[in-house]
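>>> quick one: sequence plus predicted model below, questions after.
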Amino acid sequence: MYTDARTLPDNTHIEGDICIVGTGPAGLSIAMDWNNTPYKIILLEGGGLDYDDQIQDLYTAKATGQKYYPLKSTRLHYFGGTSNHWSGYCAPMDPLDFEKRDWIPHSGWPIKKTDLDPFYARAQPILDLGPYEYDAAYWQQKDPALKSLLPQNPAIWNKVWQFSPPTRLAKKYGDDIKTSKNIHLYTYSNLVDITANEQVSAIKQVTVTNFTGKRHTVKAKHFVLACSTIQNARILLSCNKQAPRGLGNDNDLVGRFFMEHMQIKSAWLYLPTPDPLKLYNIEPGVTKMRCELATTPAMQKKHRILSGTASFFPIGIAKNSKSSIETWNNDDPRKSLENFRTVNGAARKNAILAPTGSTTYMLSTRIEQAPNPDSRITLDNTKDPLGMPRSMLHWELTPFEKHSTRKLYELIGQQVGAAGVARLQLMEHFEDPNDNSWPEFTSGGWHHMGTTRMSDDPHTGVVDADCKMHGIANLFIAGASCFVTAAAPNPTLTIVALSLRLSDHLKKLQNRTLG
Amino acid sequence: MKRRTFIFLTAAGTASLFTGSCVDKADTLGHPAFLFQVSDAATIAKLGQAYRTQKPDEAQKDTLIGLLKTGIDPQHIQAEYAAGNTVIVKGWVLSLTEARQCALYSLRPQ
C-alpha cells in the first residue's frame, strides 16, 4: 500500500508492528523481507517517489576539516534513497576487518565475518549480483583471460568486487511495495520527533511532517531507523526533549567516528609490454567482476596498517580523468552526477585503448579511515524549514591513513618487482614519508559510516550486536552508521547484509513481542 | 681544495673509471635492465642522482661498483624485492641493487 502523507488529514495516527524510517538499501531490504507476512510494516520516506529539490535541501549541511562534497548532494532524499544514484560496486568485508586490531584504536566488531556470511549470500540477489563467490580463482576458472598480475605471495592478493547493474531498489521493489497487503509506504513523512516512555527505555511513537505543515504520529512495537549515517545521527541528537544529550547519547558517542573511504590517485605501474590486465579492468555496464590489489591480513598485522586496495586505470583514461571531488561539486545531486559522468565518461570514451592493453596504469586507492572520535556529525545552530537542526560534518583524518596508503604501494611495488612483471612509482603527494597532509583532490567514496557504532558495551557503542540501541528496548538502527570500522569495500553490500541480519533478529523477536 | 684542482681531479677520476675494463664494468653494472624496459635514460639518471643525494655514502663510483659486484642478475634483484630490500627514490620502489645501478648510471659522462 502507498500513501502520500500530504494527503492525510492533519494529526493522523498510524499504527503497525514495525515502523521502518527510511527507504534506502537498508530500509527497503528489511521491508521486503517482511512482505507477505501477517505483520503490518509501516515504511516512512521523507521524500516522494521522485526527486524533489525542496526535500533534498533538508540534507544541506556545513562541513569542516578535510575538504568534502556538498552534503546536500551526497545522499538522495526520496523513495529508494541513495540506491537511486549509487554505482554498484560490491564486495564483502574480510574476516580481519571485524577483528580487534591492536594497532587500530577503536577497532573490533562484536560480530565476526562468519556471522554475516549467510546474509551476504542473501544480499547478492537483492543487488542483482552473481553468486556469493569472492575468490578470484572461481572467476578465473570461468574466464582464463582473467590472469593475475602477481603469483601467490605473502603480501598482496586479488580481492574480488562484483558489480550491481546498479540496482535501483525503488524501481525493483516499488510495485511490490505499492501492492503489498502488509507493507504501508508513506511518502513525505519526515521524522521530526521521537517520543519515548517516561524512563526513556522504549519508544512509544514517532512524529512525521512535511511541507504542508501537517503532522502525523506513528506507533509500532519496534522502530528501525534507516535514514543513512548522517541522518541517523542528526535525528538522534535532535530528539533531546527526554534525553538532553540526544537519544542513545548518554555516553557522547552518537555522531562520533564518522568514517569515509579515501579515494585518490596514488601511483603509476609500468609494464615492459602492453597488457590488458583484464582481471583488474572495468567496462561500465559490461563487467560483472574485477579485482583490486589488497594487502594480506599478515601484512596489515606486520606493518600495523589499515586495510586498503588499489584499482587500475589505463593511462589513456587516467590522464583525462578528474578526481571525484573536482567533478562532484554542485549542491544539486543531479548536476553533480551529470558533471561527474560527463567528465569521466569523456575520459573513457576519448581514450585510445589498444586491445593489447597498456604499458602504464594509474593505481587508485580506496582505503579505510581509522575510527576517530573527532571525525563527527554534530548539530548546527540553524534549522531546516521543518524545524530540525541541520547537521554539521567535521571530517578529520589522521596520519594513519596516509602512512597506510604509502605502505600499500610499497608492498605492491615490492611484489611486482619480486615477480619481475613491473615497476611502481608513487605519485608526488606520497613521496615524502613525513608529509601527512592530503591533497585538495583527495576524494571520499560517498561512503558515510560509523556514527552509531556497534559494540557490546554501551560505553563504546550506540547499538549492540543486533543493531538495537543500548538502553532502549525497541529502537533499532540499520545501515552503515552501525559500522565499527570501514574496511576497504564499498559499503552497500554490507549495509544490506547487516539489515537482513537485523530483520532476522526482529523475526525472532516476533514470537515474543509481535506474535 | 682550489676549484680548478677539484675539477681536474674529478675529471681524472671519471676518466679513469670509464677507461679500459672499468668502462665495461661500469657500463654493465650501471645498467638497470628492467628499468630500461619500462623507463628511459633521463629518468634513470635522475633516479640515480636522487639516490646519491639520499645516500651520500654511496655517491662514489668505486663504492657503487664495489657494492654492485655482489650481483645484478634478475634473480638477485627479484629476491631483493621479495625480501623487502627496497628503497623509495622519487616515488619509485626500487630494489637496493637497482637503485645503486641507477646511481652508477647517473655518474656516466653525459
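Yep, that arrived.
>>> whichever residue of chain A sits closest to chain B: neighbour count?
For chain A, the residue closest to chain B is residue A:413, as judged by CB to the nearest CB, at 2.7 Å. Glycine gets a C-beta too; all of them are placed from N, C-alpha and C. A count of nearby residues for residue A:413, using other CB atoms under 10 Å in any protein chain shown, gives 26.
>>> does it count as helix, strand or coil?
Classification of residue A:413 using DSSP: H, G, I helix; E, B strand; the rest coil returns helix.
>>> was I right about it contacting residue B:84?
No - when contacts are counted by CB atoms under 8 Å, residue A:413 is not listed as touching residue B:84 (10.2 Å).
>>> which strand residues bridge the one residue in chain B that gets nearest to chain A?
Across chain B, the shortest distance to chain A (CB to the nearest CB) belongs to residue B:93, at 2.7 Å. Taking DSSP bridges as the rule, residue B:93 bridges to residue B:88.
>>> any idea how far residue A:187 is from it?
54 Å (CB to CB, to the nearest Å).
>>> still on that earlier bit, return the residues in contact with the residue of chain B closest to chain A.
Contacts of residue B:93 were listed using CB atoms under 8 Å, 6 or more residues apart in numbering or on different chains, and they are A:409, A:410, A:412, A:413, A:414, A:417, A:423, A:424, A:425, A:426, B:86.
>>> tell me how many other residues surround residue A:213.
Per other CB under 10 Å, the neighbour tally for residue A:213 reads 9.
>>> no no, residue A:449
Neighbourhood size, residue A:449 [other CB under 10 Å]: 28.
>>> again, but for the one 5 residues further on
Other residues within reach of residue A:454 by the criterion other CB under 10 Å amount to 24.
>>> show me which residues of chain B are close to chain A?
B:34-35, B:37-39, B:74, B:77-82, B:84, B:86, B:88, B:90-95 (CB under 8 Å from any CB of the partner chain).
>>> from the residues you listed, which land in strands?
B:86, B:88, B:92, B:93, B:94, B:95 (DSSP state E).
>>> what's the closest of the residues you listed to residue A:142?
Relative to residue A:142, the closest of these is residue B:93; by CB to CB it sits at 32.9 Å.
>>> look up how far residue A:267 lies from the closest one.
Residue B:93 is 9 Å from residue A:267, by CB to CB.
>>> overlap in contacts of the two?
A:409, A:412, A:413, A:424, A:425, A:426.
>>> which of those residues sit farthest apart?
A:412 and A:425 (11.1 Å).
>>> spell out the residue ranges of the helices in chain A.
Here chain A has its helices, by DSSP state H, at A:25-33, A:53-56, A:95-98, A:113-126, A:136-142, A:169-179, A:229-238, A:297-303, A:315-318, A:324-327, A:333-350, A:399-419, A:492-509.
>>> adding mean pLDDT and distance to residue A:386, write the ones you listed out as JSON lines.
Below are the helices of chain A laid out as JSON lines (pLDDT from 0 to 100; distance: least, CB to CB, whole Å):
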{"stretch": "helix A:25-33", "mean pLDDT": "98", "distance to residue A:386": "19"}
{"stretch": "helix A:53-56", "mean pLDDT": "98", "distance to residue A:386": "10"}
{"stretch": "helix A:95-98", "mean pLDDT": "98", "distance to residue A:386": "37"}
{"stretch": "helix A:113-126", "mean pLDDT": "98", "distance to residue A:386": "31"}
{"stretch": "helix A:136-142", "mean pLDDT": "96", "distance to residue A:386": "48"}
{"stretch": "helix A:169-179", "mean pLDDT": "98", "distance to residue A:386": "22"}
{"stretch": "helix A:229-238", "mean pLDDT": "98", "distance to residue A:386": "11"}
{"stretch": "helix A:297-303", "mean pLDDT": "98", "distance to residue A:386": "44"}
{"stretch": "helix A:315-318", "mean pLDDT": "91", "distance to residue A:386": "43"}
{"stretch": "helix A:324-327", "mean pLDDT": "93", "distance to residue A:386": "29"}
{"stretch": "helix A:333-350", "mean pLDDT": "88", "distance to residue A:386": "19"}
{"stretch": "helix A:399-419", "mean pLDDT": "97", "distance to residue A:386": "36"}
{"stretch": "helix A:492-509", "mean pLDDT": "97", "distance to residue A:386": "26"}
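>>> would you list those in JSON lines and tack on distance to residue A:467?
What follows is those, written out as JSON lines (distance: least, CB to CB, whole Å):
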{"stretch": "helix A:25-33", "distance to residue A:467": "10"}
{"stretch": "helix A:53-56", "distance to residue A:467": "26"}
{"stretch": "helix A:95-98", "distance to residue A:467": "15"}
{"stretch": "helix A:113-126", "distance to residue A:467": "12"}
{"stretch": "helix A:136-142", "distance to residue A:467": "31"}
{"stretch": "helix A:169-179", "distance to residue A:467": "19"}
{"stretch": "helix A:229-238", "distance to residue A:467": "11"}
{"stretch": "helix A:297-303", "distance to residue A:467": "26"}
{"stretch": "helix A:315-318", "distance to residue A:467": "40"}
{"stretch": "helix A:324-327", "distance to residue A:467": "30"}
{"stretch": "helix A:333-350", "distance to residue A:467": "27"}
{"stretch": "helix A:399-419", "distance to residue A:467": "27"}
{"stretch": "helix A:492-509", "distance to residue A:467": "5"}
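>>> for the residue nearest to the residue of chain A closest to chain B when sequence neighbours are not counted, give me the pLDDT.
Leaving aside its sequence neighbours, residue A:413 sits nearest to residue B:93 (CB to CB, 6 or more residues apart in numbering or on different chains; 2.7 Å). Listed pLDDT for residue B:93 reads 98.
>>> no further questions, thank you.
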